[in-house]
Structure formats: structure tokens, C-alpha cells
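Trainee: Sequence first, then the predicted structure, then my questions.
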Amino acid sequence: MRKRLILVLALALVAGLTIAAYAEVQNVKVSGDLSVIGVSRYKLALKDESAPLTANGYGHSISAMLSTVRVKVEADLTDNVMATVRLINERKWGAEGSASSATNSDTNIDIDLAYATMKEFLYSPLSLTIGRQELRFGNGLVIGDPDTNGISAGHGTTSRVGFPDSLDDFSSRKAFDAMRATLNYDPLIVDMVYSKISDPSVQLHDDADLYGVNASYAVSKDLNAEVYTWQRSRESGASATANGINRKEKLNTSGAKATYTGIKNLILGAEGAFQYGEHLANRSLYVDEGLNDNTRRKATGYAIQAIANYVMPDKKLKPSVGGSYTFLSGEKYQSEKKSYRGWDPMYEDQAGGTLFNKILGYSNAQLFNVNGSVKPMDDVTMSLNYYYLRLVKAYPDVSDAGSKPTAVHMNGVTGDPTYDMAPHKSSLGQEVDLAMIYNYTEDVQFGLSGGAFVPGNAFSKTNRDTAKQVIGSMKVTF
């Protein structure tokens, strides 16, 4: 399947570039948005530290103003050809540098989107999109953000510009360098994708190749079903090669999703995915597991997600309630099994902006969520989210492990701090987030939210303080 997909997309690329060379501009549309966010986070490390801020912003507290500017240009060309380019600047206020400095300039303009779309390519059902584009399938459980929404492009490197590490989950960058072929046989839509992705785990891997097919079918007006299969292939980097690992690490993720809207005002959704392939020991959930780099295990992770949302028939307040359950498989610490059973988050895009999203790597957990919202005024929406999190595989007691580590740590989001964990405990904690959105005009929106994460007994007492955050925002769309 992979070889055929590459051949088709390569031929389409050559033909598409030939067509684009003779295109004429018929219509140009310019749009964009400006977002300003004020964030204050307190005790994201779940404890006080000796300095107000650690090197990457995880300390007693951090407060910052962040801005994102995006300008998008869309051009309609002849022969069903369209081109889209979007420029972006993300920066922390008061943190400008020079282009020659170690951190480069925070006023640099980067390319966020740059792709061409050719409709009715070769024959009418086929559309082709080539270039830097956003990809999102289903609820973003598997595909949605090339570096997951816990970090941002270039995370952890000395040349990165933009937001501090502890705040870069607010990044708007979601684009993949990809080729996408879409076959529209209404009610069946099939997407075939190839993408080249920069892997943030530079110590182990170089770039990753992503291949996949997603098929969506409208069974009826009330029921939509999706099936998909994706393969991520990563080259072994210098660290792995030095330890005798020279083959690619290939991980496959296959799954299905269904959405039902047959009950008035109610939306029901369910998704399940299974992972299989190979897993290197360095990709363990635990940073100090002590397994040899040469250890190669088969991967057999899985995830299950169920979602329900109901809008109550009240014309004045427009109340809504919802809930979700997510299961992400986990692996035992220093497991001697030949199969690695932890879930790999792939390129997920869920739970952005929450505190636990910066603390928890998206694996080895059960997540329970209930939420609700009301509109006390036409232009004001208030919402409440409650999360409860549990470990799937509790951490062990290794105090008498001889040469093994005397403590274990939870491996959080890539580049972020680890946390000391208590043995044989499963409660990760609870989070409550309250938010208000005010639509000042159709083009201007203000937001204010506050949240708190209360660690559970799965965390050691050395880091079990409550983390808090307050977020204020303004967004102007033009």
C-alpha cells in the first residue's frame, strides 16, 4: 500500500506542478487574525523550587503575555486550482532578540501554511492538496498536530523562537508538510496522505514519515462512520545507531470512529484504535527505566474514547452538558514482556490549554470529563470542565531493587520536567476549569478562564502541590 501511495502522489505532484505553472489568478482573498493571551501559571512543577523560574519556565510561577499574528492569502486560479499561504508570528512580549542571537528573533515571520489545491484532478472525484497544510481526522485522537498540542514547533532547541516551554501548548501551529489525495464518492470520502515530520525526539530519531488512509462514510443522515490506518516510520538517530540500532522504527495505528445524531439535540461518538509494530526501549513511558538501548519490543497499545454532548431546548440560556471517557493503554515499569503495551500519542490534538496536558504524557491513563455551558446573555458564554485522571499501570516500589533506580518518575511531555511518583497508587488527580467568552462584535472576542490541577496520591508528597492558572485573551479576526 505504501509504495503505491507514494507512486500515485509523486505522479500527481509532477502533473500538479505543471498545471500550476500555467495558472492565472482570478480572485485573491486576504484574511487573518490577531490573538493576545495573558497567562499566569503557578506551581506547574507541583512544588516550589529554589529559583522563581527554572530554565524552561517550570518553577514557582510564570506570567507572560503572548501574541500570535496570522495573515492568510488565498488565490483562486484557473482549472480548479487554488493556492493558500499563511504567515505567522508567535512571540512572548518583551523577549525580542536579534537574528544572530542564540534564540533568533521573536519578530521573525514564518510560513504556517503553503499549499496548492487542485480539484477534479485527472478526473472529477479526485482532489489533490500539496504543501504545508493542516491535517485533522476524527477528534484528533491520532492525527491533528505534528508535535502534539503539548509542545510547539522546534520545542527544546536553542534556536526555537516563540513561546516559553511551559506555555507553548498555546501555539497555533498545526501544519504538516504533506501530500493529500481526496476521492469524493459521496457518501464515501477517502483521504490518502503522505507527510514528512520533524521528530522532537532528536536524541533518538531523525525525521518521521507518515503514511495513511482515512475513509469516511455517511451510513445515513444520522450516522457517520470512519476507518483509518496510519504508519509512522522513523530513522534511527545518532544515539540509536551508536548502540547498534540501524533499522527504522515502524509503528502502525488502525482504528474506527462513529458519530450518531439521530436523537434531537444529542451527539454521540465513539472511537477505538489499536497500535502494532516495533518499539525501542528508549521510547518507554519511564525516563529512568534502565533498559538497554538495544532492547527492541513489539508494540501492542490501544485507545478507546467515548463522547456525548446534549444541548437542552432552552432558547434563553442555551444550556448544554457533555462528557467523555478516554482510555490510553499503559505498560508496567521494567516489564520483561516482549510486547510493549503503552499507547503512543502519535500526533494527537486534544485537551489543549489544560494544566494536566503539560504534566501528563498522553499515555497510561484514564481520563473522565464532564462539562457544561450556558449563555446568560446573547454575547456571553460560560463553561465549566471537570477532569478526573487515573493511571492504567501504577508505578512500582523499587526501593529494594539493588542496582535499579531507587525512585521512579513520570515522563511528561517531551522536554518538560519529570515528577516523583508514589508506588502502587493510581489516582493522578483532578482538574477544574471555568471559562467565560464575550463576543464584543462579530470580529472581536474576549476570554477569561481559570483552572486548578489537584494532584492525586500517585504523585509523591515531594511534588503534590496544586497547580493553578489564569488566562485572559483577546482575538480579532479580519
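Mentor: Received it, and whenever you're ready, just let me know what you need.
Trainee: Going by residue numbers, what spans are helices in the stretch 251-400 of the chain?
Mentor: 356-359 (DSSP state H, counting those that start in this stretch).
Trainee: Show me the shaky parts of it.
Mentor: For the stretch 251-400 of the chain, residues meeting the criterion pLDDT under 70 lie at 280-296, 333-338, 399-400.
Trainee: show me where it has strands.
Mentor: Applying DSSP state E, counting those that start in this stretch to the stretch 251-400 of the chain gives strands spanning 266-280, 296-299, 302-311, 320-328, 339-340, 365-377, 380-391.
Trainee: and the ones you listed as a markdown table, adding distance to A351 and mean neighbour count?
Mentor: (Glycine included, C-beta is placed from N, CA and C.) Shown next, in a markdown table, are the strands of the stretch 251-400 of the chain (distance: least, Cβ to Cβ, whole Å; neighbours: other Cβ atoms under 10 Å):
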| stretch | distance to A351 | mean neighbour count |
| --- | --- | --- |
| strand 266-280 | 15 | 18 |
| strand 296-299 | 23 | 18 |
| strand 302-311 | 12 | 17 |
| strand 320-328 | 9 | 18 |
| strand 339-340 | 24 | 19 |
| strand 365-377 | 8 | 16 |
| strand 380-391 | 8 | 18 |
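Trainee: In CSV, list the ones you listed along with distance to T229.
Mentor: Shown next, in CSV, are those (distance: least, Cβ to Cβ, whole Å):
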stretch, distance to T229
strand 266-280, 10
strand 296-299, 15
strand 302-311, 14
strand 320-328, 19
strand 339-340, 20
strand 365-377, 24
strand 380-391, 29
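Trainee: mind checking which of those is nearest T117?
Mentor: Nearest to T117, of all the strands of the stretch 251-400 of the chain, is strand 266-280, at 27.5 Å by Cβ to Cβ.
Trainee: Wait, G269 touches A256, no?
Mentor: No. Look at G269 against A256 with Cβ atoms under 8 Å: they stay out of range, at 11.5 Å.
Trainee: For the residue lying closest to N184 once chain neighbours are set aside, what are phi and psi?
Mentor: What sits nearest to N184 in space, not counting adjacent residues and going by Cβ to Cβ, 6 or more residues apart in numbering, is P125, at 5.2 Å. Main-chain torsions, P125, degrees, to the nearest 10: phi -70, psi -10.
Trainee: quick one, what contacts P125?
Mentor: 183-185 (Cβ atoms under 8 Å, 6 or more residues apart in numbering).
Trainee: Can you tell me the closest non-neighbouring residue to P423?
Mentor: Closest residue in space to P423, ignoring its immediate chain neighbours: D397 at 3.7 Å, by Cβ to Cβ, 6+ apart.
Trainee: gap between the one you found and R464?
Mentor: D397 sits 18 Å away from R464, going by Cβ to Cβ, to the nearest Å.
Trainee: Which of those two has more residues huddled nearby?
Mentor: R464 (18 against 13; other Cβ atoms under 10 Å).
Trainee: That one contacts L428, doesn't it?
Mentor: No. Taking Cβ under 8 Å as the definition, R464 is not a contact partner of L428, at 11.2 Å.
Trainee: Which residues are in contact with each of those two?
Mentor: Common neighbours of R464 and L428, using Cβ under 8 Å, 6+ apart, are P455.
Trainee: Let me know the pLDDT of K248.
Mentor: Looking at K248, its pLDDT is 76.
Trainee: For whichever strand or helix holds A83, which strands pair with it and how are they oriented?
Mentor: Assigned by DSSP states H and E, A83 belongs to strand 81-92. Strand 81-92 pairs in its sheet with strand 61-77 (antiparallel), strand 110-118 (antiparallel), by DSSP bridges.
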